[in-house]
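Peer 1: Would you be able to build a 3D model of this:
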Amino acid sequence: MHIARDAMSRIRLAWPNWYINSSGVETGTGSTMSIEASVEYPQGVFTRVPFPTGLTGSIPSGETLWSNWFSVNIPAGATFWTRAFVQNTQGVVSLVMASHHADDGREIGTSLINKVDGGTIAAPSTANEYGPCAIVGLTKRPTHALIGDSRTVGSNDTQDATGDTGILARTIGENDAYINLGCGGDQLARFMDSHTRRKELIDLCSHVHIAYGTNDLGTGSAEAADLAALFEAARTTLHAGTHAPNRRYYAYTVAPRSTSTDAWATTGNQTTLFNNARREAFNDLVRAGLTGFNDFFDVASVEETSEGSGIWNAPGWTTDGVHETQLAALAIKTSTIIDVSAWSGWTP
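Peer 2: I've put the predicted structure just below:
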């Protein structure tokens, strides 16, 4: 399920045969993937996606396949759907999402019926699905690349009618198109070492949001100043070769990490983790302003009991001391701490 954030008349879609492995490396499946695909709009009406080789495309391992441009007529604000029938002897790439949307479906097997042109697809048993990694049309509106870890994915969030999950998409997706490139367990240091395929997608966007840090400061060994320098280096790297010289960049503060003796039902039974001093030192650097960034959004100030406390608001804001629940993600949205007016005056 997708929602058009501008009227769409001609589009093209990008389809991946790569994934990010447990070491944060962009990795191919090891085998070429074949694909047939369609766009469904209105419901029950299917438009085949054309590829350079015809209605069946071929995606080499480790590559992204772009469809040809083709015509559709989808008004702004409309819900539409994509379908794909993919075959790969080494297995199928999964988009690991917070939870699947009620409209989503997935079937996996060795003798499936091709339902690109219609038919009921079973609901997925998990939040692992396959779909396009970009849907691109022509627009003069802001478009956003969201990069970060599981908090960007929204790993503890639950999908609703919007299809948006995570600390960024909940706010940004209400009005603007975005590509959510969050990856659970990822670190900015790892992203810097392996980001070729993701940069191709980021280059499509006019606004870049960098929300790494939880793992760099937690399971990783980064110090606050090192991570701040890495943010600035990432901005320089991502801006290199961009076709949008007036692109804007935004940094985010890092949420608290804590343990709890009552499943985070209260604040008093929480204990902040060892990295809190480094986390707060990094957040202070973000609040002071990082070189090359147009603005920052202090989401941590909404989530913790007081600035630097390392203690989550309670009850219901987290269930593991690391990830935001839907309640917390929606609280960030309603707080307006992510100020959408920051890009309201942007022009292409």
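Peer 1: For the lowest-mean-pLDDT helix or strand in the chain, which strands pair with it and how are they oriented?
Peer 2: For the chain, the helix or strand with the lowest mean confidence is strand 95-96, at a mean of 75 (criterion: mean pLDDT, DSSP states H and E). If you go by DSSP bridges, strand 95-96 pairs up with strand 128-129 (antiparallel).
Peer 1: chain center to the next helix or strand after the partner strand, what's the gap?
Peer 2: Next along the chain after strand 128-129, taking DSSP states H and E as the criterion, comes strand 134-136. Taking Cα atoms, centre = their mean, to the nearest Å, one finds the center of strand 134-136 at 13 Å from the center of the full chain.
Peer 1: Stretch 282-295 too?
Peer 2: 22 Å.
Peer 1: Use 20 as the first number from now on
Peer 2: Happy to do that; since the first residue is 20 now, the last one works out to stretch 301-314.
Peer 1: Would you mind listing the buried residues in it?
Peer 2: Neighbour-count burial for stretch 301-314, counted by 16 or more other Cβ atoms under 10 Å, picks out 301-302, 304-305, 309, 312-313. The way it works is simple: take the backbone N, C-alpha and C, and place the C-beta from them, glycine included.
Peer 1: Tell me the buried residues in stretch 136-148?
Peer 2: For stretch 136-148, by 16+ other Cβ under 10 Å, it's 143, 146, 148.
Peer 1: From those, pick the one nearest residue 274.
Peer 2: residue 146 (21.1 Å; Cβ to Cβ).
Peer 1: I figured the closest one hits residue 119, correct?
Peer 2: Yes - taking contacts as Cβ atoms under 8 Å, residue 146 lies within contact range of residue 119: 5.0 Å.
Peer 1: Looking at the buried residues of stretch 136-148, spot the one nearest residue 318.
Peer 2: residue 146 (22.8 Å).
Peer 1: for the protein, what spans make up the helices?
Peer 2: Taking DSSP state H as the criterion, the chain carries its helices at 169-172, 188-191, 207-212, 215-221, 233-236, 243-258, 295-307, 319-322, 345-354.
Peer 1: What's the local residue count around residue 121?
Peer 2: 11 (other Cβ atoms under 10 Å).
Peer 1: List the contacts of it.
Peer 2: residue 178 (Cβ atoms under 8 Å, 6 or more residues apart in numbering).
Peer 1: ditto for residue 242
Peer 2: Counted by Cβ under 8 Å, 6+ apart, residue 242 has contacts 297, 300.
Peer 1: so what's it scoring on pLDDT?
Peer 2: Listed pLDDT for residue 242 reads 95.
Peer 1: Also residue 142?
Peer 2: 86.
Peer 1: Let me see the contact set for it.
Peer 2: Taking Cβ under 8 Å, 6+ apart as the test, what residue 142 contacts is 119, 123-125.
Peer 1: cool, and residue 227?
Peer 2: 163-164, 166, 221, 254, 257, 266-269.
Peer 1: Need the max-distance pair from the residues you listed.
Peer 2: 163 and 254 (15.0 Å).
Peer 1: tally of neighbours for residue 20?
Peer 2: Residue 20: 18 neighbours (other Cβ under 10 Å).
Peer 1: residue contacts, it?
Peer 2: When contacts are counted by Cβ under 8 Å, 6+ apart, residue 20 touches 98-100, 120, 122-123, 182.
Peer 1: Try it again at 6 Å.
Peer 2: Contact partners of residue 20, counting by Cβ atoms under 6 Å, 6 or more residues apart in numbering, are 100, 120, 122, 182.
Peer 1: same thing with residue 330?
Peer 2: Contacts of residue 330 (Cβ under 6 Å, 6+ apart): 277, 286, 289, 323-324.
Peer 1: ok, now residue 270?
Peer 2: 229, 250, 305, 309, 312, 315.
Peer 1: beta partners of the last one?
Peer 2: Beta-bridge pairing of residue 315, defined through DSSP bridges, involves residue 270.
Peer 1: Determine the number of other residues adjacent to it.
Peer 2: There are 21 residues near residue 315, going by other Cβ under 10 Å.
Peer 1: Quick check: it touching residue 304?
Peer 2: No - using Cβ atoms under 6 Å, residue 315 makes no contact with residue 304, being 9.6 Å away.
Peer 1: quick one: the strands in the stretch 70-219 of the chain?
Peer 2: Ranges of strands in the stretch 70-219 of the chain, per DSSP state E, counting those that start in this stretch, are 76-78, 83-85, 89-93, 98-106, 114-115, 147-148, 153-155, 162-167, 196-199.
Peer 1: Single out the most deeply packed of those.
Peer 2: Greatest average neighbour count among the strands of the stretch 70-219 of the chain goes to strand 162-167 (a mean of 24), per mean count of other Cβ atoms under 10 Å.
Peer 1: Adjacent strands (with direction) for that strand?
Peer 2: strand 196-199 (parallel), strand 226-230 (parallel).
Peer 1: Adding distance to residue 73 and mean pLDDT, write those out as CSV.
Peer 2: Shown next, in CSV, are the strands paired with strand 162-167 (distance: least, Cβ to Cβ, whole Å; pLDDT from 0 to 100):
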stretch, distance to residue 73, mean pLDDT
strand 196-199, 27, 96
strand 226-230, 35, 98
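Peer 1: can those go into a markdown table with extra columns for distance to residue 24?
Peer 2: Shown next, in a markdown table, are the strands paired with strand 162-167 (distance: least, Cβ to Cβ, whole Å):
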| stretch | distance to residue 24 |
| --- | --- |
| strand 196-199 | 4 |
| strand 226-230 | 13 |
